[in-house]
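Visitor: Need coordinates for the following:
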Amino acid sequence: MNTTQAHLNAAQSLAAVGFDIANLSAPAERVTFDVPVIFDADGEPVAGLRIVGKNSDEYRKESHAVRAEGYKKSARRKTAIDASTDEGADQLVNTIDGNQKRLALAVTVDWYGFTSNGAPVAFDKALIAAAFDKFATWQDRVTTALENDANFLKV
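Guide: Have a look, this model is predicted:
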C-alpha cells in the first residue's frame, strides 16, 4: 500500500469501495462524534460534547420544526423581514442565531468529562443551553463539527 492509500479519510474510503445499496433499507446506525470543548495544559481534551449528525432523527425533527415555524411567521407577517432597517436586521440576526442554537442543542445528545465536586454530572440539555450562552465558541464547535459529513461516516 502506498502512502496515498494509507491516508484515506472516511469519506474517501467510502468512495473507494462504493456504496452498498442495501444500506438504504437497513436501519440506520446511530453515529456520534465527540466535540472537545475543555482542554488541559498540554492541549489534550478533558471534556466535550457528543453530537449526532444531520442524518439523525434529532436533527431532522428540529430542522423541520425550525423551517415550519419560519413559514408560519412569514405567512402571518405577509412580508419578508426588512433587513435594510436596524430593527429588521436585528430581528433577522436574532432569528438566525436562535435557529442555529436550536439545531446545535438538538444534535448534542451527551457529554463527557463534566463533573461537580469531582463526581460525574448527568447530561442536561438546560446546562448545555446555558453553556452555549456563556461560551459561544462551544456552539460554534458543535455547528462546525455538524457540517463535516466525514465526522459521521462509518466505514
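
Visitor: switch to C-alpha atoms for all contacts and neighbour counts from now on
Guide: OK.

Visitor: quick one: the strands in this structure?
Guide: Along the chain, counting by DSSP state E, strands occupy 32-39, 45-52, 108-112, 115-116, 119-120.

Visitor: Reformat the ones you listed into JSON lines and put mean neighbour count and mean pLDDT next to each item.
Guide: Below are the strands of the chain laid out as JSON lines (neighbours: other C-alpha atoms under 10 Å; pLDDT from 0 to 100):
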{"stretch": "strand 32-39", "mean neighbour count": "18", "mean pLDDT": "97"}
{"stretch": "strand 45-52", "mean neighbour count": "20", "mean pLDDT": "97"}
{"stretch": "strand 108-112", "mean neighbour count": "19", "mean pLDDT": "97"}
{"stretch": "strand 115-116", "mean neighbour count": "10", "mean pLDDT": "94"}
{"stretch": "strand 119-120", "mean neighbour count": "10", "mean pLDDT": "94"}
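
Visitor: and residue 150, which of the ones you listed is closest to it?
Guide: Closest of the strands of the chain to residue 150 is strand 32-39, at 10.0 Å (criterion: C-alpha to C-alpha).

Visitor: Give me the angle between the closest one and strand 45-52.
Guide: 150 degrees (axes from the mean of the first three to the mean of the last three C-alpha atoms, to 10 degrees).

Visitor: Can you give the strand pairings for strand 32-39, parallel or anti for each?
Guide: The strands beside strand 32-39 in its sheet (DSSP bridges) come out as strand 45-52 (antiparallel).

Visitor: quick one: the partner strand to strand 108-112, angle?
Guide: Strand 45-52 and strand 108-112 are oriented at 160 degrees to each other (the same axes, to 10 degrees).

Visitor: hmm, who's touching strand 45-52?
Guide: Contact with strand 45-52 is made by 30-40, 58-59, 107-114, 142, 146, 152, as judged by C-alpha atoms under 8 Å, 6 or more residues apart in numbering.
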